[in-house]
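Trainee: got a sequence here, can you model it:
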Amino acid sequence: MASCESGEVRKRIHVGGPTALGEAIASTRLFGLDLGLAERDLARLCIVVEELITNLCEHGICETEREIVLELFRHASGLGLVFEDNGAPFDPRTTSTEDEMPQRGGGAGLRLVRAWSEIVDYGSSEGRNRLELLLALTGD
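Mentor: Numbering: from 1, shown residues only. Presented below is the predicted three-dimensional model:
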């Protein structure tokens with residue numbers, strides 16, 4: 001459930017292993033429904049989460065006991081998303097189109113993430129990565 005401390009709505013989701021993607025999307029969807037997000041905003045939120053978790057899974061983090069933590073919260077400008085994991089460092093702000101793999105559709109997910117959200121911050125320290133995004137809401 002989302003907490004409402006100090007008027008802020010926040011949900012922290014812990015996922016890992018082979019079920020990480022499904023659990024993250026299901027929990028994100030419930031969070032969005034609890035907030036009463038418009039259908040289009042809810043779909044965009046779930047797609048952004050799916051793309052980023054899929055990236056982590058494609059690079060092996062979901063095949064192990066490693067944990068991914070996703071924090072969702074209501075922000076004055078939309079929705080905040082924070083992804084934390086202990087996989088290899090990866091800053092999506094530094095990925096160029098040369099790094100994409102068109103034969104697999106590689107790069108399309110990150111293009112969507114960049115188009116639909118603002119990357120607020122990324123950092124890697126002591127074996128942990130932290131990516132913070134802001135997703136604007138359209139109300140559609």
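Trainee: for the helix or strand bottoming out on mean pLDDT in the chain, buried residues please.
Mentor: Of all helical and strand segments in the chain, the minimum by mean pLDDT, DSSP states H and E falls on helix 108-116, at a mean of 87. Using 16 or more other CB atoms under 10 Å as the test for burial, helix 108-116 gives 109, 110, 113, 116. No exception for glycine: its C-beta is placed from N, CA and C like everyone else's.
Trainee: do you know how far residue 92 is from residue 114?
Mentor: Look at residue 92 and residue 114: by CB to CB, to the nearest Å, they are 7 Å apart.
Trainee: same check on residue 76?
Mentor: Counting by CB to CB, the gap from residue 76 to residue 114 is 22 Å.
Trainee: can you check residue 75 too?
Mentor: Counting by CB to CB - residue 75 and residue 114 are separated by 18 Å.
Trainee: again, but for residue 90
Mentor: Taking CB to CB, one finds residue 90 at 14 Å from residue 114.
Trainee: next: residue 37.
Mentor: 21 Å.
Trainee: adjacent strands (with direction) for the helix or strand just after the least confident helix or strand of the chain?
Mentor: On the C-terminal side of helix 108-116, the nearest following helix or strand under DSSP states H and E is strand 117-125. Its sheet considered, strand 117-125 pairs with strand 128-135 (antiparallel) by DSSP bridges.
Trainee: so the strand it pairs with versus helix 108-116, what angle?
Mentor: 50 degrees (axes from the mean of the first three to the mean of the last three CA atoms, to 10 degrees).
Trainee: what sits up against strand 128-135?
Mentor: Strand 128-135 is contacted from outside by 41, 44-45, 48, 52, 75, 77-87, 89-90, 92, 113, 116-124, using CB atoms under 8 Å, 6 or more residues apart in numbering.
Trainee: filter those to the buried ones?
Mentor: Using 16+ other CB under 10 Å, the buried members of the contacts of strand 128-135 are 41, 44-45, 48, 52, 75, 78-87, 92, 113, 116-117, 122, 124.
Trainee: can you tell me which of those are in helices?
Mentor: Mapping the buried ones among the contacts of strand 128-135 onto helices (DSSP state H) picks out 41, 44, 45, 48, 52, 113, 116.
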